[in-house]
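Colleague: got a sequence here, can you model it:
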Amino acid sequence: MTTAFIHQTAEVSPKAQLADNVKVWNLVQVRENAQIGENTILSKNVYIDFDVSIGANVKIQNNVSVYNGVTIEDDVFVGPSAIFTNDFRPRAVNPDWKVTPTLIKKGASIGAGATLVCGIVIGEYAMIGSGAVVNKSIPAHALVVGNPAKVVGFVYKNGERVLSEHITDVAKETQSIEFTEPTTQEVLSLPLSAIKVLPVF
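Modeller: The predicted structure follows:
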């Protein structure tokens, strides 16, 4: 039997699958066949559509709707009022309508009020700034802001900016640069082109 917590005002389908230590807070709706991984938190007024898959250790903040076709992997943060979509050409009546999928990969963070146009992949540990409008796939560890969202830098797993002073190796044969985070000693390899958007402090 699952040890999930479900607030008395939440509506969870008996066909939904909630792993251990999931927390479902006020006014949340979780629909049929949704899968929620262990230790995930669904904050106030979150909507999880049918067949949606959400990994472990995910935090979804207030007022977020995760629609059918969206997949969220482990360790993802979704800020309040972030917007997902699943219809690339929306019409009120469209008999040929099909879901356009979106994938949020492990460790990514989506800032408050960001909008994600469907049909994209957000790479591992990427960070999307608050209010950004993301209309194309984002590479792993990229930091994006604006409308439309543009890559303005890269971040480590802990969210700290990758700086040019962190370069520890340049591999011309693979066209890549190796960076080391000074506190955690995380080693991150990025393409040579990344140097164009790295801040220098």
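Colleague: what sits closest to P80 if chain neighbours are left out?
Modeller: Nearest non-adjacent residue to P80, counting by CB to CB, 6 or more residues apart in numbering: Q61, 4.0 Å away. Every C-beta, even on glycine, is put in place using the N, C-alpha and C of the backbone.
Colleague: tell me how far the one you found lies from N45.
Modeller: Distance of Q61 to N45, computed by CB to CB, to the nearest Å: 10 Å.
Colleague: next: V145.
Modeller: Separation of V145 from N45 (CB to CB): 26 Å.
Colleague: hang on, S53 packs against N33?
Modeller: No: counting by CB atoms under 8 Å, S53 does not reach N33; the two are 9.4 Å apart.
Colleague: give me the more crowded residue out of the two.
Modeller: In this view S53 and N33 are compared by other CB atoms under 10 Å, and S53 has more residues nearby, 17 against 14.
Colleague: the more buried one pairs with what?
Modeller: Beta-bridge pairing for S53 (DSSP bridges): Q35, T71.
Colleague: residues near the residue nearest to P80, how many?
Modeller: Using other CB under 10 Å, Q61 has 19 other residues around it.
Colleague: I110 is in contact with that one, correct?
Modeller: No: counting by CB under 8 Å, no contact exists between Q61 and I110, whose distance comes to 9.4 Å.
Colleague: overlap of the contact sets of those two?
Modeller: Taking CB atoms under 8 Å, 6 or more residues apart in numbering as the contact rule, the neighbours common to Q61 and I110 are 77-79, 82.
Colleague: what are the ranges of the helices in this protein?
Modeller: Using DSSP state H, the chain contains no helices.
Colleague: let me see the contact set for G146.
Modeller: 129, 132-133, 152.
Colleague: what is the burial count for L42?
Modeller: Other residues close to L42 by other CB under 10 Å number 32.
Colleague: which ones are touching it?
Modeller: Taking CB under 8 Å, 6+ apart, one finds 22-25, 28, 30, 36, 48, 60 in contact with L42.
Colleague: kindly state the pLDDT recorded for S193?
Modeller: Looking at S193, its pLDDT stands at 86.
Colleague: contacts for stretch 29-39?
Modeller: For stretch 29-39, contacts defined as CB under 8 Å, 6+ apart pick out 4, 10-13, 15-22, 24, 42, 46-58, 74.
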